[in-house]
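Asks: no sequence on this one, just coordinates:
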């Protein structure tokens, strides 16, 4: 017995087609469940997405459906997507106690990967992938390369099929298939050498589904992957087929599929997970049923009824819907009666189901409606309330962050392929809030040299008031003392000019350090610099250079820079003391202006002790 990946090219197309027909039957229940969850979220029918019955191709949007619904699932999915999906984790490459050059490559690699995230629209697509994980059993983002370019693509979950039995306990199927409808013209453009076969097989497809007159002839294309059976095995295969035509086939060497998978919850067994919509489907069913019953009862019963005694001479035409009508009668007068439409217990039960749905999902009803709890006024109280609510989704948030890192790993592997094929892979990286072109071939690193981990953009509140109070607490507790750090943490648009000035000072001293460490070029301090900060930053670089085994002449250049900073700070003029007014104590003499913290300058021996080698007797040229 041979499997489809063991067939030769003459039998591969028909073998894949037979497997797909069987897998469609196995996944029919999963397809139906995903479509049901999509209907519950969007309140629409999507019969066109039924891949098991392709003859149903019309999406039903019934305008005459006026049934009342309380869409709890849609409300909670949108709330969680807004809360968790707003996070934009960046990749951080941490070296395993590497030297300066290795750390510099790791930093540039992080800048380059952030640029790749922007170029591939990853930050835009990932919230949509998270939304899919809340609705469907699994969400998938496809990652690949098109020539020398990288791309990402959202994949509808019902396009993916696999052998359910083989992935029942392993968690990862040995083979995966993507079923996608593509226009025939697109296939001909991609595979012009197979145009005759594509057109011949397209004519054999029955057109009883009413596809005539459409703008494109859609053909079902199957992309299949089979992972190597063992580490380093040669039986991995990647092929693309259409009906029985093999469009491409190549060996597949990776041990994972070119997808980033995301699940709301793990199912315990099997490859697919459990969505938030599936967890709430029974509650939503009951809510919809009660809403429909209340709507019908209101329509039928909550209207005034007029009781007219038999034999009384009341003319029906006198009973009009006009204010101040005069009704003539003989005998008993007519009586108006409005019955109770539903028992109050029904409304109470509906409210309980509504609240239980939020409790099951772990979302507060106040968050879903954009309200804050009564009595919580301070920023600290609001942050504590937010933290308590966020703890419920910590595992989901971690899976969301790891999805970004999975995409970064694929970008790294695909970039290496591009460099191998074309010799370079330039990327517009994000460095110090500016765009800089970085070539991957200059910074590629071995996997043993770094550890990849995500870090969020900011752990502070998003509102200006909450951010200001959080930073104020950090300052009052003594954790933050540098004004530059305070301004950067606030990140207010009005402070952008101040932030840019401080960043320029930091970039300048970092450039001088980089010139020494990489090229042994010395640039001395200048009077216009923040000498106190420059001295402290160079001391830090000197200590790190000692630990990393930096060359002795480079260390001496750093010591020379620090000594010159100290001498320049001593020589700065002091501000003259103003005379004291009669009866007042003279004002204290201000500290010498250093441009940074008001700390008196210290000698290098007091700061660090004796250097490992004497500094050059003569200053090096700038």
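Replies: Great, that's in hand. It should be emphasised that the depicted structure is a prediction, and the values quoted were computed from it without experimental measurement.
Asks: make it CA atoms for all contacts and neighbour counts henceforth
Replies: Noted.
Asks: So for the nearest residue to residue 260 once chain neighbours are set aside, what's the pLDDT?
Replies: Using Cα to Cα, 6 or more residues apart in numbering and skipping the chain neighbours, the partner closest in space to residue 260 is residue 141 (5.0 Å). Residue 141 is assigned 96 on the pLDDT scale.
Asks: what packs against the one helix or strand residue 141 maps to?
Replies: Per DSSP states H and E, residue 141 falls inside strand 139-146. Contacts defined by 3 or more Cα pairs under 8 Å, 6 or more residues apart in numbering; DSSP states H and E place strand 139-146 against helix 122-135, strand 149-155, strand 259-262, helix 394-422.
Asks: picking up where we left off before, list the contacts for the residue nearest to residue 260?
Replies: Going by Cα atoms under 8 Å, 6 or more residues apart in numbering, residue 141 touches 129, 152, 153, 154, 155, 259, 260, 261.
Asks: re the thing from before, roughly how far is the strand holding residue 141 from the heart of the chain?
Replies: Chain-centre distance of strand 139-146: 15 Å, with Cα atoms, centre = their mean, to the nearest Å.
Asks: isn't residue 302 right up against residue 296?
Replies: No: at 9.7 Å, residue 302 and residue 296 do not qualify as touching, with contact defined as Cα atoms under 8 Å.
Asks: any idea where the strands of this protein begin and end?
Replies: Under the criterion DSSP state E, the chain carries strands at the ranges 90-95, 139-146, 149-155, 160-161, 175-183, 218-226, 237-242, 245-251, 259-262, 305-307, 335-337, 426-431, 434-439, 450-455.
Asks: of the ones you listed, which approaches residue 346 most closely?
Replies: Nearest to residue 346, of all these, is strand 335-337, at 21.8 Å by Cα to Cα.
Asks: helices or strands up against that closest one?
Replies: For strand 335-337, the packing partners by 3+ Cα pairs under 8 Å, 6+ apart come out as strand 305-307.
Asks: how many other residues sit next to residue 150?
Replies: The local packing of residue 150 (other Cα atoms under 10 Å) involves 18 other residues.
Asks: could we number from 70 for the rest of this?
Replies: Okay, using 70 as the starting number, the last item reads as residue 219.
Asks: That one against residue 480, yeah?
Replies: Yes: counting by Cα under 8 Å, residue 480 is a contact partner of residue 219 at 7.5 Å.
Asks: buried set for stretch 610-620?
Replies: 610, 611, 614, 619 (16 or more other Cα atoms under 10 Å).
Asks: sorry, that was for stretch 82-96
Replies: So for stretch 82-96, counting by 16+ other Cα under 10 Å, buried means 82, 83, 84, 85, 86, 89, 92, 93, 95, 96.
Asks: Is residue 592 in contact with residue 583, as I believe?
Replies: No: Residue 592 is beyond contact range of residue 583, at 10.5 Å (criterion: Cα under 8 Å).
Asks: what's the closest non-adjacent residue to the residue nearest to the spatial centre of the chain?
Replies: Nearest to the mean C-alpha position of the chain, counting by Cα atoms, centre = their mean, stands residue 195 at 4.2 Å. What sits nearest to residue 195 in space, not counting adjacent residues and going by Cα to Cα, 6+ apart, is residue 154, at 7.3 Å.
Asks: any idea of the pLDDT on that neighbour?
Replies: Among the per-residue scores, residue 154 holds a pLDDT of 83.
Asks: And residue 346, by the same measure?
Replies: 93.
Asks: How many neighbouring residues does it have?
Replies: Neighbourhood size, residue 346 [other Cα under 10 Å]: 28.
Asks: Could you find the closest non-adjacent residue to it?
Replies: residue 204 (5.2 Å).
Asks: Also residue 593?
Replies: In space, and not counting its chain neighbours, residue 593 is closest to residue 630: 5.9 Å by Cα to Cα, 6+ apart.
Asks: Quick one: residues contacting the one you found.
Replies: Residues near residue 630 by Cα under 8 Å, 6+ apart: 593, 594, 604, 607.
Asks: can we see that at 10 Å?
Replies: Going by Cα atoms under 10 Å, 6 or more residues apart in numbering, residue 630 touches 581, 582, 591, 592, 593, 594, 603, 604, 607, 608, 624, 688.
Asks: before we move on, back to that, next, work out how far apart the residue nearest to residue 346 and residue 621 are.
Replies: 61 Å (Cα to Cα, to the nearest Å).
Asks: Compare these two and say which is more crowded by neighbours.
Replies: Taking neighbours as other Cα under 10 Å, residue 204 and residue 621 compare with residue 204 leading, 29 against 15.
Asks: which of the buried residues of stretch 610-620 lies closest to residue 354?
Replies: For the buried residues of stretch 610-620, the residue nearest residue 354 by Cα to Cα is residue 610; the value is 63.4 Å.
Asks: looking at the chain, which helix or strand does the model trust least?
Replies: One helix or strand of the chain scores below all others by mean pLDDT, DSSP states H and E: helix 673-677, with a mean of 40.
Asks: The residue nearest to the centre of the chain reaches residue 223, doesn't it?
Replies: Yes: in this structure, residue 195 is within contact of residue 223 by Cα atoms under 10 Å, at 8.7 Å.
Asks: Overlap in contacts, the two.
Replies: In terms of Cα under 10 Å, 6+ apart, residue 195 and residue 223 are both contacted by the residues 201, 209, 210, 329.
Asks: export those to CSV and tack on distance to residue 182?
Replies: Shown next, in CSV, are the shared contacts of residue 195 and residue 223 (distance: Cα to Cα, whole Å):
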residue, distance to residue 182
201, 25
209, 20
210, 17
329, 16
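Asks: Going by neighbour count, which of those comes out on top?
Replies: When neighbours are counted by other Cα under 10 Å, residue 201 leads those with 26 neighbours.
Asks: Please report the distance of that residue from residue 314.
Replies: Counting by Cα to Cα - residue 201 and residue 314 are separated by 32 Å.
Asks: before we move on, what about residue 105?
Replies: Residue 105 is 34 Å from residue 314, by Cα to Cα.
Asks: Same question for residue 188.
Replies: 34 Å.
Asks: repeat for residue 111
Replies: 37 Å.
Asks: the more surrounded of the two?
Replies: Between residue 111 and residue 314, counting by other Cα under 10 Å, residue 314 is the more crowded of the two (21 against 12).
Asks: Setting the sequence-adjacent residues aside, check what's closest to that one.
Replies: In space, and not counting its chain neighbours, residue 314 is closest to residue 82: 5.5 Å by Cα to Cα, 6+ apart.
Asks: In contact with that neighbour, which residues are there?
Replies: 73, 76, 291, 308, 309, 310, 311, 312, 313, 314, 315, 316.
Asks: Go again with 7 Å.
Replies: Shown in contact with residue 82 (Cα atoms under 7 Å, 6 or more residues apart in numbering): 310, 312, 313, 314, 315.
Asks: repeat for residue 214
Replies: 220, 483.
Asks: try 6 Å this time
Replies: For residue 214, the contact set (Cα atoms under 6 Å, 6 or more residues apart in numbering) comprises residue 220.
Asks: ditto for the one 5 residues further on
Replies: Shown here is residue 219, whose contacts under the criterion Cα under 6 Å, 6+ apart are residue 213.
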